[in-house]
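Peer 1: test case, fold it:
(4 chains, ligands or ions: 4)
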Amino acid sequence: MARFLFWRVVQAVAVIFVVTVVVFFLLHQIPGGPSRGILGIQATEDQIQAFDREQGFDQPLPIQYLHYLGRLLQGDLGESFQLNQSVGELITDRLPKTLILTVLSTLVALLLAIPLGVWQAVKRNRPTDYLLSALTLLIYSTPVFLVGFIFIIVFAINAAWFPVQAPQADTIGGIFADSQALVLPVLTGAGVVLAVFARYLRSSVVDNLDEDYVRTARAKGASEKRIIARHVFKNSLTSLVAMLGYYLPVLFSGALVTEKLFNYPGMGLLFWNAAQTSDFPILLGVVLVLSVATVTGSLLADVAQALIDPRTRRVKT
Amino acid sequence: MTGPTMRRLKVFRRNKLAVVGISILGLLIAFCFLGPLVYHTEQTLTSLENSKLGPGVNGHPLGTDDLGYDLLGRLMLGGQTSLVIGLAAGVLATMIGTLWGTIAGYAGGWVDAVMMRIVDAGIAIPALFLLVVAAAIATPSVSMLILVIGLVSWLVPARLMRAESIALRSRAYVESMRVMGGGSVRAIGKHIIPNAIGTVIVNVTFQIADAVLLVAYVSFLGLGIPPPAANWGGTLSDGLTYAHDGAWWLILPPGLLIVLTVCAFNFIGDGLRDAFDVKFEAR
Amino acid sequence: MLYYEHLSITFGDVKAANKVSFTVNPGEVVAVVGESGSGKTVTAMSAMGLLPKRAKVTGKIMLGGRDVRHLDTKELRELRGNEIAMVFQEPMTALNPVHTVGWQLIEAIELHQDIPDAKKRAAELLTLVGLDRPEQRLKQYPHELSGGMRQRVMIAMAIACDPKVIIADEPTTALDVTVQAEILDLLRELRNRLGTAIVLITHSMGVVADLADRVVVMYRGEVVEQGGVEDVLLRPSHDYTNRLLKAVPRLGSGSRTAEEVTEPVLRIKNLVVSFGGQRAVDDVSFEIGKGEVLGLVGESGSGKTTAGRCAVGLQKPTEGAVELFGQDIARLSTRKMRPIAARIGMIFQDPASSLDPRMTVAECVAEPMVLHKAKNHKERVAELLDAVELGSSTKDRYPHELSGGQRQRVSIARALALDPDLLIADEPTSALDVSVQASILELFLDLQRRLKFSCLFISHDLAVVDMLANRVAVMHRGKIVEQGSRADVFGNPQEDYTRRLLAAAPVPDPVEQRERRVSRG
Amino acid sequence: SGQSGGQNGTVTFALPPNATPNWILPLGIPGHLASYNSSIYQLLFVPLVAYNGSSGTVAFDEKASSARKPEFSADGKTVTVTLKDNLTWADGSKLTTRDVEFWYNLVKYNKTKWGGYAKGRMPDNMVEFKTIDEKTFQFILDKPYNPEWFTAVQLTNVRPMPQKVFDKTSADGAIGDHDRTEAGAQQVFDFLVAQAKDLPTYQTNPLWKAGNGPFAVEEFTTGGQVTLVKNPKYTGDDASKVNKVVFKPFTSADAEFNVLQTGGVDYGYLASANLNQRSALESKGYQIQPWKGWAITYIPYNFNNPQAGPIFKQLYVRQAIQHAVDQDSIVKNIWRDMAVAGYGPVPQDPASPLLSDTQKTNPYPFDIAKAKTLLESHGWTTGADGVAACGDPSRCGEGIPAGAQLKFTLLAESGSKETDNMMAELKSSLSKIGVALELKQAPLNTVLGNSKACQSTAPECSWHMSFFGTQGSWYFNAYPSGERIFGTGATSNLGSYSDPKADELIGASTSTADHDSIKAYGDYLTKELPVIWLPNPVYQVSAVKKNVNIGNQDPLAAMQPQRWTVS
Ligand SMILES: Nc1ncnc2c1ncn2[C@@H]1O[C@H](COP(=O)(O)OP(=O)(O)OP(=O)(O)O)[C@@H](O)[C@H]1O
Ligand SMILES: Nc1ncnc2c1ncn2[C@@H]1O[C@H](COP(=O)(O)OP(=O)(O)OP(=O)(O)O)[C@@H](O)[C@H]1O
Ligand SMILES: [Mg+2]
Ligand SMILES: [Mg+2]
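Peer 2: Ligands and ions are numbered 1, 2, ... in the order given. Okay, here's the model as predicted:
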């Protein structure tokens, strides 16, 4: 196990390295370079040159990359071109916000998806199942931005049940204190993955209900409820959790839309604005953080599967 | 060949939602590709004086959009783009993913490790990033979107197929073929991919649905194909700008079409999943 | 205690059980035997109310004076595990992989009993079924136990609430003879101590002879004969029972002799294979001469399959050498390996999975010819199918449309397609019931006499090997402990392990088996 | 909630997306010049000379300045400035010429690091700083300048800073005359910039509390929320009438509009697409006020592009293209009247005495037929693909081969519905005269990065036309001269437009004192079409709570919140 872990970590580091290389070189393929855009149309030639010199854009790309890597290894993600803050600061500022939203969204999605998926599995191929299938698909196929938009118009502006903005506080405590303002953004975020989770869980529960151990449990005299809750559920959930690791990027794209609509400056928006302004250090930093998160997520998923769930070792039929 | 095919058809037909999905898809394709032959509209020259007419005004059954294009005609045109991108990108992603995953799973060892770490790296780089960079390097066009969407979405099928491939490569029928002196190409082409075809086909339908949604998302972010080209997502996100005006006819129809398309493909996928599931009839 | 009266069970058009009637008294072991698919499992399961909803049931199933069929869900739950318990065929999948053994055992206890210290009781149960260090075992997950241990956990779970009836569905098929003997002893002790009635479903007449008081023989959904174990096994009255018993291979009935190996077709020298530090095959050497059948026997997991896989290059040896037709295969490139591959045939342990489900029978059989670009496929395929007694009608069928025995014949036909000089047959009959097994063995012997190929025949069924082999090698924990002519090894075993193996193999004669058991101690 | 805005004299102002304030030092450095930064720091540190257009025309605003109107010597080479008497820094000391000299020294010795620097301009054009007395000083210039231009374009950049607080080289270093030596000035400059780069300390750093403006910082978060409170120590004659101004950041215009609809801000904005909501907003207590910008909007032609350049160099081609732009329709249908048609290089709204008659009357009105004739008469014929091709090179013009097509790519800024639609409309109407546009979209920064002034051989010279004017292409200082956008070789002359006559007229407009010179310049470029003139959109469409009186909004895009009132 230790050896396996060691190699997976080494591989994960390699993956992150590859990601930085790819992202770095891709960014520099954008024609025109960032200086003119960053400094604005009013900037003079001297300033542009000074900026390029300062950022090392006059050096060959591989050298620039090595410089970047060198600073990265010292934990320095660089300075934003435009925001007058270091990328490290910006990310520590924004990451918790996005995390709150995505974690809550995921939890809500799970809370809704679990009973939904299980119920569908129990009633599989019956009208209830079809109805719920259609419903979850409807949610799934409505683009997030439309869902958020409808929520705002209906529940915030017209009915005024909830605020139109996500919590505006800067502290985590402050954000949670304004819990009412969290409702709409969290629901919007949950919509993105709810249907996916529900469908995944349904098929997983259906598969598990066919397993022999369910028959064993029945033979013991366990009730159907107990079988679902204590036997099937845990089996299905471990694979669902394993899948969660890979859903980070999806959640992240969803976060951008929620952040834009609900005036909630998080990672998605940081990334998006940086993309708009060619703020390379931020782009690199955000992608790096995301890739570390994703790679760690998938690593944890692999390890969790190898550790907890012996079924992954069995050749599946 | 007829045996299993007929059986699958039967199972597929028994899934009512799948049949509904196929019918919807047929109607949508007819609407987008045959519609313009019957219903001619101007879709290149703008007509600002006719902008945002309500449904039925001046002979525009669904009204016009903010540049004065007839909306019904625009939806047909936009549907072509959305469906073509969706189908092509979905198929492309599945093809790349299938081959990649199968080879990685079959080869195993360090080849597998390297190939799958590349997939990990791909998953770790947000699709959004690639879209932004691609849009900055080249103008979005149908083929570029197909390529980019295809390139960001082959990763999941690759993972799926790797798992399948690992399971299948140690099946006795693959091993027995190797004992008989068969090579890897035959093992992958003749045994592994055909036996994972259920997974592949189901995956295609989901990929297509996702690609249609991704096109909408891309348009919402302003990274879509520039005018006068149209796609449903673009029409929808443009329409949202005027939502506060009460211009519902700019939102509802494209929204509905997207929902219908995505649902149709998912329904079909569900049906196919059952059709290719050997256990299905035993249940 | 439990009795069935005119029980019929149908699935759609399939009549799985037809007017089945028999009785099980307290403290009695009733064995249910019969060919595969004859309705043994469904009949037993119906007593627990565990049949799928599709099943249509008529007749009576009386348990402790109540008809199971008329109980509601709650009453059924009260019954299950409490009055009647079941040990399932597949211990591998019958336990929940994500819960500890203790959790599952305690669940079984607490569902019906209000015991303050269920954990202690669980540990007691494990001790009762003969597992050491029970406290520790409780914390383990199913995959951390061996097959035999899992089977014992299943039995512990079944007896958790002292049920009046236990149904044991092929409780020992997955196990080797020594473990099998222990489990049978355990069941016997339970019956003796608690007076439990046991319904025992099995293919093995040896097991029946060992444990049963009475026997019920089923054929095509119907009970064709029932009676005391000695009556049925020694003086069968029904035609099918007769056939069944005749098909059972017996140790000591073999007749083949061994000669000096002169020109070895396969030579394995000091073979070692390790999996993550564990030596699955440990310094094994043997040779097979031209036209000779070497039987490789030993308990489950002793490394037989692994050795066989090394012989054909499917498994890379950790140490040691494999020579095929005088060439060291480790040194051969893939291209040079091809002509050698053409001279080898292999039959895999599991016939169902060795055929591509998406290829027709003809395509499967033709595959080696396609690979080696041989001519006239069509005629050759027809010839081969003919040789294994498969009609031409099977040619265009898919594997799932065949029975287990038919599938096994297809893989034999395929293995023989290129007239191999060496055949590796890995438990070619383990998945079959005795009657089908008998006809396949017959066929094999016939072909081997005619075609004169050499063969490595892997099996844990000593009687089968006795019938086919010229020489025998016995494996134990990765090592070959004894090797010699069939007559020497089986008739005059030198090694302690070989002797134990022979002693543990039950014989299908209740009288003889009783004597053997007593002498074993 | 919040039907009545401006509670307790507080006004909440909505910032546009992606424009969060992040600089406080009154010396801007490149990359930190966003207009909201200067809007904020000039409320803390009063500039030497302020201009403002809220009176209806852009003019000197003495109240908001720290000096009286500068006086120029007759030869136009000496400026004499007298500081106002009543302004004091937070520590109670008076504003003196030393504070101006401090600024001058810092800029002189650090000019390349300073954001406002351009070669030949300040401080290059100032030969000497002469202290007369505590309140009076002189700048000696290198040559005569148009006083109006020099005051409006150059002196507005001068920011007196509290020398007694700022003149040090480290946080706990001693105050001295470090700025008077080159090395010392550089150390001080670097120290101040380093302090300004520490955004999280803006709220607490004593440097930023030393100002003399009508406001003081109460809150300045890294997320971009800034709260200014009325400065109790302010001694000038422009004291704030509101107690507090909150600058609130927004992640998107949509999010801001949602908040606006629930009354969450006092002074916000809306997209022109949402103007139909006007009455709904008015019923919620808002007033819609377009905020006009002192700007022009245009699409530059890349005259140095090897293929398209020779075509663009033909005036008749530019005339035909300009004739094909239906500005009125764009203004009405796309901008919903929140833009003003533009015909030349001088801002047309608000009105100014600098506008030439030619530009007022528009020499190239929308006329497709005329545009077509212009092209046809010069040897262009429209092919089957609808694109005009040169059939007669002798008539088409120099450097245009036979068969050359009027096919151009237009790289336009993304992210705005109005721009998208304007570009679509442009493409559509140009296609009617045989000009094919291929539209590309990219974020503003990418568009700017891609539209560099370039030599024709350089690879980056492949662009044809570009649009970056969703909020106006070019914002002028108070005096709308064109040396930086149309002068030969100027950095912001993206399309490399070059015309000796234009250069001459530009030179005159910046060095002579009368209005005729700039009118002559405007007249010439209106006719010459160095770019495609387009409607100039308003700076923003503001929605202001009815009980908050903001007066006229300054076309120079600055704010005077001290003059707002809450009733
Ligand atoms: N769930 C089911 N659906 C349909 N048919 C079934 C089902 N379960 C069993 N059968 C059929 O009922 C018949 C009897 O099956 P059963 O499992 O009782 O056989 P068995 O005697 O236990 O055989 P084996 O020795 O192979 O275990 C078979 O033909 C089988 O195909
Ligand atoms: N691929 C593998 N990875 C790890 N361990 C393996 C692998 N294959 C076999 N083993 C282990 O090697 C040992 C020998 O296995 P093998 O399959 O050769 O046994 P066998 O004698 O054929 O048993 P059976 O009679 O049950 O078929 C077992 O302990 C098994 O768990
Ligand atoms: Mg059975
Ligand atoms: Mg084996």
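
Peer 1: then the helix or strand that contains C:V489 to PDB, C-alphas only?
Peer 2: Under the criterion of DSSP states H and E, C:V489 resides in helix C:486-491. The C-alpha coordinates for helix C:486-491 follow below in PDB (Å, rounded to 0.1, in the frame of the first residue of the first chain):
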ATOM      1  CA  ARG C 486      -0.900 -42.600 -11.700                       C
ATOM      2  CA  ALA C 487      -0.800 -46.000 -10.100                       C
ATOM      3  CA  ASP C 488       2.000 -45.100  -7.700                       C
ATOM      4  CA  VAL C 489       0.700 -41.800  -6.500                       C
ATOM      5  CA  PHE C 490      -2.900 -42.800  -6.000                       C
ATOM      6  CA  GLY C 491      -2.200 -46.400  -5.000                       C
END
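
Peer 1: state the mean pLDDT of that helix.
Peer 2: The pLDDT scores in helix C:486-491 average 88.

Peer 1: which secondary structure elements does it sit against?
Peer 2: helix C:462-468, strand C:471-476 (3 or more Cβ pairs under 8 Å, 6 or more residues apart in numbering or on different chains; DSSP states H and E). Placement of C-beta: from N, CA and C, glycine included.

Peer 1: is A:R36 part of a helix or strand, or is it coil?
Peer 2: Per DSSP: H, G, I helix; E, B strand; the rest coil, the local secondary structure of A:R36 is helix.

Peer 1: how far away is it from D:S466?
Peer 2: Noted for A:R36: a distance of 11 Å to D:S466, by Cβ to Cβ, to the nearest Å.

Peer 1: residues shared between the contacts of the two?
Peer 2: D:S451 (Cβ atoms under 8 Å, 6 or more residues apart in numbering or on different chains).

Peer 1: what about stretch D:397-414, near chain B?
Peer 2: Yes. Counting by Cβ under 8 Å from any Cβ of the partner chain, chain B is contacted by stretch D:397-414 at D:A412, D:S414.

Peer 1: may I have that stretch exported as PDB, CA atoms only?
Peer 2: C-alpha atoms of stretch D:397-414 as PDB (Å, rounded to 0.1, in the frame of the first residue of the first chain):
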ATOM      1  CA  GLY D 397      -5.500  52.900 -56.800                       C
ATOM      2  CA  GLU D 398      -1.900  52.300 -56.100                       C
ATOM      3  CA  GLY D 399      -0.800  49.000 -54.800                       C
ATOM      4  CA  ILE D 400      -4.100  47.300 -55.400                       C
ATOM      5  CA  PRO D 401      -3.800  44.300 -57.700                       C
ATOM      6  CA  ALA D 402      -6.500  43.200 -60.000                       C
ATOM      7  CA  GLY D 403      -8.800  40.700 -58.300                       C
ATOM      8  CA  ALA D 404      -8.100  42.100 -54.800                       C
ATOM      9  CA  GLN D 405     -11.300  41.700 -52.800                       C
ATOM     10  CA  LEU D 406     -12.900  44.000 -50.200                       C
ATOM     11  CA  LYS D 407     -12.700  41.300 -47.600                       C
ATOM     12  CA  PHE D 408     -11.600  42.200 -44.100                       C
ATOM     13  CA  THR D 409     -11.500  40.800 -40.700                       C
ATOM     14  CA  LEU D 410     -12.800  42.800 -37.900                       C
ATOM     15  CA  LEU D 411     -11.700  41.900 -34.400                       C
ATOM     16  CA  ALA D 412     -14.200  43.200 -31.900                       C
ATOM     17  CA  GLU D 413     -14.400  43.300 -28.200                       C
ATOM     18  CA  SER D 414     -16.700  40.600 -26.700                       C
END
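
Peer 1: please identify the buried residues of that stretch?
Peer 2: When neighbours are counted by 16 or more other Cβ atoms under 10 Å in any protein chain shown, the buried residues of stretch D:397-414 are found to be D:397, D:400, D:404-414.

Peer 1: distance of the residue nearest to the spatial centre of chain D relative to B:V202?
Peer 2: With distances taken as Cα atoms, centre = their mean, the residue of chain D nearest its centroid is D:Y475 (2.6 Å). Applying Cβ to Cβ, the value for D:Y475 to B:V202 is 56 Å.

Peer 1: show the backbone phi and psi for the residue of the stretch 51-200 of chain C at minimum distance from chain D.
Peer 2: Closest residue of the stretch 51-200 of chain C to chain D, Cβ to the nearest Cβ: C:V98 (42.8 Å). With angles defined as degrees, to the nearest 10, C:V98 shows backbone torsions of phi -100, psi 0.

Peer 1: would you confirm that it contacts A:N235?
Peer 2: Yes. Taking Cβ atoms under 8 Å as the definition, C:V98 is a contact partner of A:N235 at 5.4 Å.

Peer 1: which parts of stretch C:393-405 are buried?
Peer 2: Residues of stretch C:393-405 classed as buried: C:T394, C:K395, C:R397, C:Y398, C:P399, C:L402, C:G404, C:G405 (neighbour count, 16+ other Cβ under 10 Å).

Peer 1: I meant to write stretch B:11-24 there.
Peer 2: For stretch B:11-24, burial by neighbour count (16+ other Cβ under 10 Å) applies to B:V11, B:F12, B:N15, B:L17, B:A18, B:V20, B:G21, B:I22, B:I24.
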